[in-house]
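>>> Make a model of this:
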Amino acid sequence: MRLFLGVELPTVWREALDRGAAALKKAGVRANFTRRDNYHLTLVFLGETDRAEAAAAALDQVDAPPFALRSASPGCFSKKGGDIWWLGVEPLPGLMTAQRQLEAALREAGFSPERRPYRPHITLARKVRSPAGLEPLTIPGLFPTLETEANRLTLFSSERVDGVLRYLPLYRAAL
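Purely as a prediction, here's the structure:
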């Protein structure tokens, strides 16, 4: 089973992300766009594992209060098979504390999370092919500033259901 841990986003965020994705499509961007129901903020990616119960137990080890989430500028990661475009999330102290605690709990439980520094973002599209010179930062007003409070963390599985990629919540832990 393919697992990751993160924050579910409120409807207002998912709607704003969907409007931004629609604007990108209208501007001629071709990509594998994230489905509205799949928008989330990943805290730790685990990948293929059959240890969902241990991952859920690690969520219960996080001793952090609810924390603020605030969107930041869009950006992209350059990849050989096509870029990944994303909306940044400000690395506010509460978010970063919860992420570090979760990563430490997972390591203690025997998982091996990625070693690269955590960069909070919400994936908008993968395998992006865009008109020359068009990047997320070049479209003014693409996304409004979004703010919310995260009061729980979620263990997700990534599964194909009827041929459609879905991120399914398996377990939720309140902060």
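>>> where does the most centrally placed residue in the chain land in three-state SS?
Nearest to the mean C-alpha position of the chain, counting by CA atoms, centre = their mean, stands residue 41 at 2.8 Å. When the structure is reduced to helix, strand and coil (DSSP: H, G, I helix; E, B strand; the rest coil), residue 41 reads as strand.
>>> ditto for the one 4 residues further on
Local secondary structure at residue 45 is given as strand here, using three-state DSSP.
>>> list the contacts for residue 157?
Contact criterion CB atoms under 8 Å, 6 or more residues apart in numbering gives 1, 2, 3, 52, 167, 168, 170 as the residues in contact with residue 157. Where you see a C-beta, it was placed from the backbone N, CA and C, and this is true even at glycine.
>>> Quick one, which of these are buried?
Neighbour counting with 16 or more other CB atoms under 10 Å marks 3, 167 as buried within those.
>>> Would you map the helices across the protein?
Applying DSSP state H to the chain gives helices spanning 11-26, 52-61, 93-108.
>>> Which single one of the contacts of residue 157 is nearest to residue 106?
Compare each of the contacts of residue 157 with residue 106 using CB to CB and the shortest gap goes to residue 3, at 10.3 Å.
>>> what sits against that closest one?
Under the criterion of CB under 8 Å, 6+ apart, the contact partners of residue 3 comprise 46, 47, 49, 52, 55, 155, 156, 157, 158, 170.
>>> now with 10 Å?
Residue 3 sits next to 44-52, 55-56, 111, 155-158, 170 when contact means CB atoms under 10 Å, 6 or more residues apart in numbering.
>>> Could you do residue 76 as well?
Per CB under 10 Å, 6+ apart, neighbours of residue 76: 83, 84, 85, 86, 121, 124, 125, 128, 130, 135, 136, 137.
>>> wait, doesn't the third one sit right on residue 130?
Yes. When contacts are counted by CB atoms under 10 Å, residue 85 is listed as touching residue 130 (8.4 Å).
>>> Perfect, I'm done here.
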